[in-house]
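Visitor: Structural data only, the sequence is not supplied:
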Ligand SMILES: [Zn+2]
């Protein structure tokens, strides 16, 4: 077992995440990328990073979309394990049950955002991280073109991981 796996197991124990989380969800452990480069800031003007190849492909995809009249904006890109812990702790402190939290947030270690390959995308006039993104031109454009840039939707409706439908969450898979 790697140090990373040991670290994640300890974190899960601390947070009260069931020890069969991985086998129950079918989610894969995501190594934290350390080879990150800056991309465009997110819609809240926070700096964002992706792994090198994902960042390159994102830049090309974004400018092609723009040429087609579609604006793609970043909500969130790379996220560390520590940040994921904070997010989950905050929800727990607000009184949410862990089972409910884990339907929306991946357990630390299992978020695709750790890999530096995942992006939450929005477009002007859309409330970020809502299902209404699927009704936008940006979503249509991505559905037709993202594959060309090696991005795909990770959590389509009714996905096998039991993760809620996330039309905004795209991952670079090349
Ligand atoms: Zn996401």
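Guide: It's in. All values derive from a computational prediction rather than experimental measurement.

Visitor: from here on, contacts and neighbour counts on C-alpha atoms
Guide: Fine.

Visitor: Give the buried residues for stretch 165-174.
Guide: Within stretch 165-174, the residues scored as buried using 16 or more other CA atoms under 10 Å are 165-172.

Visitor: From the rest of the structure, what touches it?
Guide: 54, 112, 117-122, 129-131, 133-134, 139, 149-159 (CA atoms under 8 Å, 6 or more residues apart in numbering).

Visitor: Report the buried members of those.
Guide: Buried among those by 16+ other CA under 10 Å: 54, 112, 117-122, 129, 133-134, 139, 149-156.

Visitor: From those, which land in strands?
Guide: Counting by DSSP state E, the buried ones among the contacts of stretch 165-174 place 118-122, 151-153 in strands.

Visitor: mind putting those residues in JSON lines, distance to residue 79 included?
Guide: Shown next, in JSON lines, are these (distance: CA to CA, whole Å):
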{"residue": "118", "distance to residue 79": "9"}
{"residue": "119", "distance to residue 79": "10"}
{"residue": "120", "distance to residue 79": "11"}
{"residue": "121", "distance to residue 79": "14"}
{"residue": "122", "distance to residue 79": "17"}
{"residue": "151", "distance to residue 79": "18"}
{"residue": "152", "distance to residue 79": "18"}
{"residue": "153", "distance to residue 79": "18"}
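
Visitor: of all these, which comes closest to the ion?
Guide: residue 120 (4.7 Å; CA to the ion).

Visitor: quick one on the thing from earlier: could you list which of the buried residues of stretch 165-174 also contact the ion?
Guide: Among the buried residues of stretch 165-174, the residues that sit close to the ion (CA under 5 Å from the ion) are residue 169.

Visitor: Which of the buried residues of stretch 165-174 sits closest to the ion?
Guide: Nearest to the ion among these, with distances taken as CA to the ion, is residue 169, at 4.4 Å.

Visitor: who does the closest one bridge with?
Guide: residue 120 (DSSP bridges).

Visitor: Now do the same for the nearest residue to residue 170 once chain neighbours are set aside: its pLDDT.
Guide: Spatially, and ignoring its direct neighbours in sequence, residue 170 is nearest to residue 153 (4.6 Å; CA to CA, 6 or more residues apart in numbering). Looking at residue 153, its pLDDT stands at 97.
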